[in-house]
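In: Okay, predicted coordinates and the sequence, questions at the end:
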Amino acid sequence: MSKEQVLSTDRFVPLIRIARRNTIPQHKAWLVRAAGLLSALVVGSLLILALGQNPIAVYAEMIDSAFGSRIGFTQTVRTAIPLLGAALAVGMAFKMRFWNIGAEGQILIGGIAASYFALFHVGNMPGPLLIVVMGLAGAVAGGIWGLIPALFRAKWGTNETLFTLMLNYVALEFVKFLQTVPSWQIPGTTGHPQIDRFDHAARLPQVFGIHIGWIMVLVLAILVYLYITRSKQGYQLTVVGQSENTARYAGMNVGRVIVRTMLISGAIAGFVGFMQVSGADFTLNESTAGGVGFTAITVAWISHLSPPIMIIVALFIATLERGALRIQTVFAIPATFSAVLIGIILFFMLACEFFINFRVIFRNRKEPKERSGN
């Protein structure tokens with residue numbers, strides 16, 4: 001082959017290629033994750049040094065604030081509860097390759113439904129029954145909110161990413177509207193309207209100093225895991241996620257699987273909204289979701305959509321968030337830097353998952369010659 005032919009062939013070989021790995025031993029995967037976490041801490045240390053602080057002292061303070069005291073541990077678990085619940089919700093949809101970016105709105109809608117019963121039916125039923133009704137209302141409302149984009153996707157093939165994202169803003173505006181409704185307001189807050197706080201009968205009881213939402217969300221994690229791995233419906237959503245054409249060839253009703261899965265996904269997110277208003281905030285406001293629905297996407301992806309791993313990752317991210325709040329006051333570090341530090345750590349963790357699942361191949365200059373010899 002002439003030099004011109006070699007150069008012509010070389011144009012068809014990319015300089016850098018990305019290929020999916022077939023398998024990687026588990027111990028190597030964990031070594032990659034450990035290296036990624038260490039790299040994130042090193043990069044974060046450089047930024048901390050640039051601010052004139054001791055990195056070791058800052059990291060130690062973050063860990064101590066999360067686990068060094070009973071109050072710190074309680075607050076960390078409180079932060080992890082909605083993260084885990086929302087991750088379970090979006091993870092189930094992601095398993096089906098339905099990109100549910102609307103957990104934020106589903107949480108708010110669930111909180112709205114639960115708040116209605118907390119504010120207007122608190123004296124009409126016993127406290128335990130009221131809590132059950134609030135939880136069911138939150139789950140049903142969240143399920144319906146998740147059902148809307150699912151129906152459009154199943155019927156007309158609409159883009160669920162944009163659809164679910166836009167519904168977040170609709171839900172947020174609905175909360176803002178309810179703040180202006182006199183029957184929902186705290187009396188005397190016309191200047192800065194706020195929704196009334198819940199009676200004690202509408203609040204979740206506590207176990208070990210934490211509202212029982214932590215027990216509920218752990219039970220949810222077990223149920224979601226069993227649903228995905230042990231049920232016929234879970235097998236169907238996995239097949240649909242791998243290939244819709246294969247699922248249709250196997251006789252599955254893809255539209256029905258999409259609708260059913262999103263109904264459950266939205267219901268879980270709506271139940272998280274109930275836990276937030278009844279167990280954490282005792283009221284409904286614009287920050288009831290507080291970005292949890294978006295952070296949960298990171299939790300789900302880092303966990304490979306595995307509910308047991310989501311428990312660990314949610315607790316890890318909650319530790320970062322609680323620690324970031326502490327170092328702002330102890331070391332006078334700006335809040336923006338705390339967010340940057342968390343972002344760096346999460347970026348490196350997500351990058352680890354990329355290198356675990358894919359490999360980067362650089363072009364070998366000998367490749368055209370080897371192929372010409374064949």
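Out: That came in fine, so what should we check first?
In: Please count neighbours and contacts with C-alpha atoms only from this point.
Out: OK.
In: Tell me where the stretch 101-250 of the chain has helices.
Out: Taking DSSP state H, counting those that start in this stretch, the helices of the stretch 101-250 of the chain run over residues 103-120, 127-156, 160-178, 213-230, 232-242, 244-249.
In: for those helices, which one sits closest to residue 286?
Out: When these are compared by Cα to Cα, helix 160-178 sits nearest residue 286, at 6.4 Å.
In: Give me the phi and psi for residue 57.
Out: For residue 57, the backbone dihedrals (degrees, to the nearest 10) come out as phi -70, psi -40.
In: contacting residues for it?
Out: Listed by Cα atoms under 8 Å, 6 or more residues apart in numbering, residue 57 has no contact partners.
In: follow-up on the earlier one: how about JSON lines for the helices of the stretch 101-250 of the chain, with distance to residue 197 added?
Out: Formatted as JSON lines, these follow (distance: least, Cα to Cα, whole Å):
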{"stretch": "helix 103-120", "distance to residue 197": "8"}
{"stretch": "helix 127-156", "distance to residue 197": "15"}
{"stretch": "helix 160-178", "distance to residue 197": "13"}
{"stretch": "helix 213-230", "distance to residue 197": "19"}
{"stretch": "helix 232-242", "distance to residue 197": "39"}
{"stretch": "helix 244-249", "distance to residue 197": "46"}
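In: Could you point out which of those sits nearest residue 312?
Out: Per Cα to Cα, nearest to residue 312 of the helices of the stretch 101-250 of the chain: helix 213-230, 11.4 Å.
In: Going by neighbour count, which residues in the closest one are buried?
Out: The neighbour-count criterion (16 or more other Cα atoms under 10 Å) identifies 213, 214, 217, 218, 220, 221, 224, 225, 228 as the buried residues of helix 213-230.
In: Among these, which one lies nearest to residue 81?
Out: Minimum distance to residue 81 across these is 5.8 Å, recorded for residue 214 (Cα to Cα).
In: For the residue sitting nearest the centre point of the chain, give me the pLDDT.
Out: Taking Cα atoms, centre = their mean, the centroid of the chain lies closest to residue 296, which sits 1.0 Å from it. pLDDT for residue 296: 94.
In: any idea how far the host helix or strand of it is from the chain center?
Out: Taking DSSP states H and E as the definition, residue 296 sits inside helix 292-302. Distance of helix 292-302 from its chain centroid, counting by Cα atoms, centre = their mean, to the nearest Å, is 2 Å.
In: What of stretch 182-196?
Out: Using Cα atoms, centre = their mean, the offset of stretch 182-196 from its chain centre is 31 Å.
In: Return the backbone torsion pair for residue 362.
Out: Backbone torsions for residue 362, taken as degrees, to the nearest 10, come to phi -90, psi 150.
In: The nearest residue to it once chain neighbours are set aside: what's it in contact with?
Out: Nearest residue to residue 362, sequence neighbours excluded (Cα to Cα, 6 or more residues apart in numbering): residue 16, at 4.6 Å. Residues near residue 16 by Cα under 8 Å, 6+ apart: 360, 361, 362, 363.
In: Against residue 48, how distant is the last one?
Out: Meaning residue 363. Distance, residue 363 to residue 48, using Cα to Cα, to the nearest Å: 38 Å.
In: of the two, who's got more company?
Out: Neighbours per residue, other Cα atoms under 10 Å: of residue 363 and residue 48, the larger number sits with residue 48, 19 against 13.
In: isn't that one right next to residue 55, touching?
Out: Yes - under the criterion of Cα atoms under 8 Å, residue 48 makes contact with residue 55 at 5.8 Å.
In: OK, contacts around the residue nearest to the centre of the chain?
Out: Counting by Cα under 8 Å, 6+ apart, residue 296 touches 83, 84, 86, 87, 90.
In: Kindly report the same for residue 136.
Out: So residue 136 contacts residue 271 (Cα under 8 Å, 6+ apart).
In: how close does it sit to residue 292?
Out: Taking Cα to Cα, one finds residue 136 at 21 Å from residue 292.
In: What is the least confident helix or strand in the chain?
Out: helix 367-373 (a mean of 46; mean pLDDT, DSSP states H and E).
In: ok, back up a step: tell me the one of the contacts of residue 296 nearest residue 252?
Out: Once Cα to Cα is applied, the member of the contacts of residue 296 that ends up nearest residue 252 is residue 90, at 22.2 Å.
In: Against residue 62, how distant is the closest one?
Out: Distance, residue 90 to residue 62, using Cα to Cα: 28 Å.
In: again, but for residue 331
Out: 11 Å.
In: neighbour-wise, which of the two wins?
Out: Shown here are residue 331 and residue 62; by other Cα under 10 Å, residue 62 has more neighbours (21 against 15).
In: what helix or strand is that one on?
Out: Following DSSP H and E, one finds residue 62 within helix 55-67.
In: Any buried residues in that helix, and which?
Out: For helix 55-67, the buried set under the neighbour-count rule, 16+ other Cα under 10 Å, comprises 55, 58, 59, 61, 62, 63, 64, 65, 66, 67.
In: which ones are touching the closest residue in space to residue 49 that isn't next to it in sequence?
Out: Of all residues not flanking residue 49 in the chain, residue 55 sits nearest, at 6.6 Å (Cα to Cα, 6+ apart). Applying Cα under 8 Å, 6+ apart to residue 55 gives the contacts 44, 45, 48, 49.
In: Pick out whichever of the residues you listed sits closest to residue 352.
Out: Nearest member of the contacts of residue 55 to residue 352, counting by Cα to Cα, is residue 44, at 16.6 Å.
In: Let me know whether the closest one touches residue 344 as I believe.
Out: Yes - the pair residue 44 and residue 344 passes the contact test of Cα under 8 Å, sitting 7.1 Å apart.
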